[in-house]
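A.B. asks: below are the sequence and a predicted model; questions follow.
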Amino acid sequence: MQCRKEFVQARYEGIFTPPVVGQRSLIFPGHHGGLNWGGVMLDLKRGLMMINTQRLPYMQEAVPRDHLDSMQAKSFQEAPGEAKGFRVQAGQPYGAVKDPWMSSLQQPCIAPPWGFISGIDLRTQDVAWSRPLGTGYDSGPLGIASHVKLEIGTPSDATGVATGGGVTFIGAALDRFMRAYDSETGELLWEDRLPAGNQASPLSYSINGRQFIVAVVGGHDRIPTKLGDSIIAWALPE
């Protein structure tokens, strides 16, 4: 009911609704994407492009420069933690206030999935497969982790890597798992629990003919996922 009330009060004119002064506008897809933070994964041998996408609406309102100056609002870069919720946009006639559209339960105001991973056929431009990316294992209402591995699809940051063997590796989601998908079908082949979030794109390399997948597992405090300082590599048994 809270979300329905906010929707009725907001402006929404479709995908390109501009922000205005004095009334919140619904932005969907939100500022987090669609596609964002990392790019795409390509398997040129199979003619496939894998992509993780967001389905997370935002609320945004334009704020006049004189109001921002009277509040002494600072940008995040100028004064981390002192931006007072504003996107200052120094030197411009307007700044903004914008955030994901969340209920008081700290959950998005639309039903899941909130994130997907998909495979696109580059020859036909058709979606070959698509499935929710991420579970609520490490998140939930009021920030309480559900510890349930239900594939609801979460927002994600970072991308993955597609290998020549037809496997796509990606972490990126709100839960702390590295996953491997069949690039042609989207089948989940493997997953491994991580000590923190993986919000840095993994890469592949080989030593003496043995292939490794390596990722920085440091988390992200603005997503948020658990912070850490690990660098982890995986390989098949020798």
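C.D. replies: Sure, I can see it.
A.B. asks: so the residue lying closest to residue 220 once chain neighbours are set aside: helix, strand or coil?
C.D. replies: Closest residue to residue 220 apart from its sequence neighbours, by Cβ to Cβ, 6 or more residues apart in numbering: residue 199 at 4.0 Å. Where C-beta positions appear, they are placed from N, C-alpha and C, glycine not excepted. Three-state call for residue 199 (DSSP: H, G, I helix; E, B strand; the rest coil): coil.
A.B. asks: OK, contacts around residue 199?
C.D. replies: Contacts for residue 199 were tallied using Cβ atoms under 8 Å, 6 or more residues apart in numbering; they are 37, 157, 158, 171, 172, 218, 219, 220, 223, 225.
A.B. asks: quickly note the distance from the closest residue to the last one other than its chain neighbours to residue 56.
C.D. replies: It refers to residue 225. Closest residue to residue 225 apart from its sequence neighbours, by Cβ to Cβ, 6+ apart: residue 197 at 2.6 Å. Computed as Cβ to Cβ, to the nearest Å, the residue 197 to residue 56 distance reads 17 Å.
A.B. asks: and these two? Which one has more around it.
C.D. replies: residue 197 (28 against 25; other Cβ atoms under 10 Å).
A.B. asks: that one reaches residue 218, doesn't it?
C.D. replies: Yes: taking contacts as Cβ atoms under 8 Å, residue 197 lies within contact range of residue 218: 7.4 Å.
A.B. asks: mind jotting down where the helices sit in the protein?
C.D. replies: In the chain, helices defined by DSSP state H lie at 2-9, 65-70, listed in chain order.
A.B. asks: per-residue confidence averaged over stretch 144-164?
C.D. replies: Across stretch 144-164, the average pLDDT comes to 93.
A.B. asks: could the contacts of residue 199 go into JSON lines alongside distance to residue 89 and neighbour count?
C.D. replies: Below are those laid out as JSON lines (distance: Cβ to Cβ, whole Å; neighbours: other Cβ atoms under 10 Å):
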{"residue": "37", "distance to residue 89": "21", "neighbour count": "18"}
{"residue": "157", "distance to residue 89": "23", "neighbour count": "25"}
{"residue": "158", "distance to residue 89": "26", "neighbour count": "22"}
{"residue": "171", "distance to residue 89": "32", "neighbour count": "31"}
{"residue": "172", "distance to residue 89": "28", "neighbour count": "32"}
{"residue": "218", "distance to residue 89": "29", "neighbour count": "19"}
{"residue": "219", "distance to residue 89": "28", "neighbour count": "21"}
{"residue": "220", "distance to residue 89": "23", "neighbour count": "19"}
{"residue": "223", "distance to residue 89": "23", "neighbour count": "19"}
{"residue": "225", "distance to residue 89": "28", "neighbour count": "27"}
